[in-house]
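>>> The sequence and its predicted three-dimensional model are supplied below.
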Amino acid sequence: MNNLLENPLVMQLIDIAFAEDIGDGDHTSLATINENESGKSIIVAKDTGILAGVTLAEYIFKRVDPSLKVRVLIPDGSSIEHGDIVMDMVGSSRSMLTAERTVLNFIQRLSGVATQTAKYVKALEGLHTKILDTRKTTPGMRLLEKWAVKIGGGHNHRIGLYDMILIKDNHVDFAGGIASAIYRTQQYLKSVQLDLKIEIETRSISEVKQVLEIGGVQRIMLDNFSPELLTEAVQLIDGRFETEASGGITLETLRTYALTGVDYISSGALTHSIKALDLSMRAVE
């Protein structure tokens, strides 16, 4: 997380969060709380799951007011239950109230991602298949949500369009077929002197066979294959390339797909349709 807190994209995101919530001032706190009034507050879990984001929360509190004394009681990646006190803060009451919503928005969302991911990881227990996230993330939140996936025990796919080649079905169709798409990709990477892994999406056993004949990639994505077809494809590939299953795989069907022997399963559900974990901040004596 320390590296993330040095990332300009994360810093910009926090600035945007402050701008949309605080604007020209927290006028409610300014109106009701004396300037020199201090107190203590806690963040408490009202739900069960995997905690993610307390390191970020600590940073946000200190960004609002460096004089706040913030103590993390339960670290990121821990299992939490209803009633657990995650962290406590002592200092300016105004500052804590001003930071409250921004902190909770981040920590609840990220803990939801980590909790969801942990469920998928548990479903794969004992198998070699790994769960991957996708680019189906909240705009602006990608780096943090992918960090939360790792906290939950999952693995990151590519971060964006820039750090890996993924030739999808539309690329294949626009390029005029699998052979053309792979050839053009290899020529492009050579011309711009980039060393990026290449993955290609396939939609049928016939397309898998084409990729096997052409080669030139590191991973084959098997999109919307049934478990039976996936088994056939994995056996056909026979370890020559990494394999990844995607499309329509739910938590309930995850293990069935993994039992085919596929190396990776990617799921947008780790980030795009999660339930935020319920946490709250309250003042204490």
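Nice, I can see it.
>>> On the three-state scheme, Met281 is what?
Using DSSP: H, G, I helix; E, B strand; the rest coil, the structure places Met281 in strand.
>>> you'd agree it is up against Lys40?
No - with contact defined as C-beta atoms under 8 Å, Met281 does not count as touching Lys40 (11.1 Å). Backbone N, C-alpha and C define where each C-beta goes, glycine included.
>>> Can you pick out the residue with more neighbours from these two?
Per other C-beta atoms under 10 Å, whichever of Met281 and Lys40 has more neighbours is Met281, with 21 against 14.
>>> Next one: that one from Val113, what distance?
Noted for Met281: a distance of 20 Å to Val113, by C-beta to C-beta, to the nearest Å.
>>> Then His155?
On the measure of C-beta to C-beta, His155 and Val113 end up 13 Å apart.
>>> any common contacting residues for those two?
Val149 (C-beta atoms under 8 Å, 6 or more residues apart in numbering).
>>> These two: which has the busier surroundings?
Shown here are His155 and Val113; by other C-beta under 10 Å, Val113 has more neighbours (32 against 15).
>>> The more buried one sits in which helix or strand?
Here Val113, judged by DSSP states H and E, is contained in helix 93-123.
>>> Following element in sequence after that helix, please.
strand 130-132.
>>> right, and the helix or strand after the helix or strand encompassing Val44?
Mapping Val44 onto the secondary structure by DSSP H and E places it in strand 38-45. The helix or strand immediately downstream of strand 38-45 is strand 49-50, counting by DSSP H and E.
>>> angle of the helix or strand just after that next one against strand 38-45?
Tracing the chain past strand 49-50, the next element assigned as helix or strand by DSSP H and E is helix 54-64. Interaxial angle of helix 54-64 relative to strand 38-45 (axes from the mean of the first three to the mean of the last three C-alpha atoms, to 10 degrees): 160 degrees.
>>> which residues are in contact with the very next helix or strand once past helix 54-64?
Where DSSP H and E defines the elements, the next helix or strand beyond helix 54-64 is strand 69-72. Contact partners of strand 69-72, identified using C-beta under 8 Å, 6+ apart, comprise 54-55, 58, 61-62, 86-91.
>>> now the residue nearest in space to the middle of the chain, what's its secondary structure?
What sits nearest the mean C-alpha location of the chain, by C-alpha atoms, centre = their mean, is Lys146, with 2.5 Å. Here Lys146 takes the helix state, with states given by three-state DSSP.
>>> For it, which non-adjacent residue is closest in space?
Closest residue to Lys146 apart from its sequence neighbours, by C-beta to C-beta, 6 or more residues apart in numbering: Asn156 at 4.9 Å.
>>> Next up, the contacts around the one you found.
Applying C-beta under 8 Å, 6+ apart to Asn156 gives the contacts 132-133, 146, 149-150.
>>> ok, Ile131 - contacts?
117, 120-121, 124, 154-155, 254, 264-267, 270.
>>> hmm, try it at 10 Å
Residues near Ile131 by C-beta atoms under 10 Å, 6 or more residues apart in numbering: 117-121, 123-124, 149, 152-155, 249, 254, 258, 264-267, 270.
>>> Please spell out the ChimeraX selection for the buried subset of those residues.
Here is the ChimeraX command that selects the buried residues among the contacts of Ile131 (16 or more other C-beta atoms under 10 Å):
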select :117,118,119,120,121,123,124,149,152,153,154,249,254,258,264,265,266,267,270
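>>> Narrow the contacts of strand 69-72 to those that are buried.
Among the contacts of strand 69-72, those that count as buried by neighbour count (16+ other C-beta under 10 Å) are 54-55, 58, 61-62, 86-89, 91.
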